[in-house]
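Colleague: take a look and give me a structure for this.
(one chain, ligands or ions: 1)
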Amino acid sequence: MTEKTFQPGPDQTPAFREALGCFGTGVTVVTTNTASGPAAITVNSFASVSLSPPLVLWCLGKESNRYDAFRAARHYSIHVMAQDQLDPALKFARDGQDFSHVDWAHDHAGRPQLADCLARFDCELADCHEAGDHLILVGRVETVMYRRGQGLIFKRGQFGKFNDLI
Ligand SMILES: Cc1cc2nc3c(=O)[nH]c(=O)nc-3n(C[C@H](O)[C@H](O)[C@H](O)COP(=O)(O)O)c2cc1C
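Modeller: Residues are numbered from 1 along each chain as shown. This next block holds a predicted model:
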């Protein structure tokens, strides 16, 4: 494809989405506890924000059926998915209430924690910012788990793995 330059607007949404997809990300699953049980959502908008205090963010789509559940969440866990966790990442993108396909347990704050992820950030909600069709949730990280291993990568609408260049 030849180079394309445009001003984002309603008629350019597919191109805007395609351009944003050039930026490869990891894949996370955010979990929280609700009155009707554990809830999860697959998210690639995760980003680190601050080392001191320890803050991370993710963006919640306002159109999502899970908006109310995550908008109300005071405690949540962000799981960085390992390369072999494509299946749960896809399942949680489709259905945020079915946890039957994963090993998990509640922590002391009620946060559902998934087994076998590469890293986990247990957060308390610190701040929320309205941002167009998304809500930015900033969390203060209370506990961190991480291990060695390869992460799941998402780029241009596809899942893959990381290849070292050097
Ligand atoms: C790779 C990937 C990344 C995603 N990233 C986000 C995200 O950052 N924020 C978000 O709100 N939804 C994200 N989603 C979409 C949600 O996982 C979910 O599919 C969407 O909220 C629709 O849920 P619903 O059917 O309950 O409305 C992502 C989905 C995939 C597959």
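
Colleague: secondary structure of Ala89: a helix, I assume?
Modeller: Yes. Assessed with DSSP: H, G, I helix; E, B strand; the rest coil, Ala89 lies in a helix.

Colleague: for this protein, what lies in contact range of the ligand?
Modeller: Proximity of the chain to the ligand, by C-beta under 6 Å from any ligand atom, involves residues 27, 41-45, 59-61, 64-66, 93, 96, 154. Using the backbone N, CA and C atoms, a C-beta is placed for each residue, glycine as well.

Colleague: those residues in helices, which ones?
Modeller: Ala93 (DSSP state H).

Colleague: how about the residues of the chain next to the ligand, which pair is most distant?
Modeller: Put simply, by C-beta to C-beta the two of the residues of the chain next to the ligand set farthest apart are Asn65 and Phe154, 21.1 Å from each other.

Colleague: if you count surrounding residues, which of those two has more?
Modeller: Phe154 (20 against 10; other C-beta atoms under 10 Å).

Colleague: who's in contact with the more buried one?
Modeller: Gly24, Thr25, Gly26, Val27, Asn44, Gly160 (C-beta atoms under 8 Å, 6 or more residues apart in numbering).

Colleague: please indicate which of those are buried?
Modeller: Buried subset of these (neighbour count, 16 or more other C-beta atoms under 10 Å): Thr25, Gly26, Val27, Asn44.

Colleague: let me see the ranges of the helices in the chain.
Modeller: 13-20, 67-71, 86-94.

Colleague: redo those as CSV? Include mean neighbour count, mean pLDDT and distance to Tyr146.
Modeller: Formatted as CSV, the helices of the chain follow (neighbours: other C-beta atoms under 10 Å; pLDDT from 0 to 100; distance: least, C-beta to C-beta, whole Å):
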stretch, mean neighbour count, mean pLDDT, distance to Tyr146
helix 13-20, 12, 97, 27
helix 67-71, 17, 97, 23
helix 86-94, 18, 98, 18
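
Colleague: and of those helices, who's closest to Ala105?
Modeller: With C-beta to C-beta, the closest approach to Ala105 among the helices of the chain belongs to helix 86-94: 15.0 Å.

Colleague: for the closest one, give me every contacting residue.
Modeller: With contacts defined as C-beta under 8 Å, 6+ apart, helix 86-94 is touched by Val27, Val29, Ala40, Ile41, Thr42, Met81, Asp98, His101, Val102, Leu114, Leu152, Phe159.

Colleague: ranges for the strands of this protein?
Modeller: Using DSSP state E, the strands of the chain run over residues 25-26, 28-34, 37-43, 47-50, 55-61, 75-80, 104-106, 112-114, 119-131, 134-146, 153-155, 158-160.
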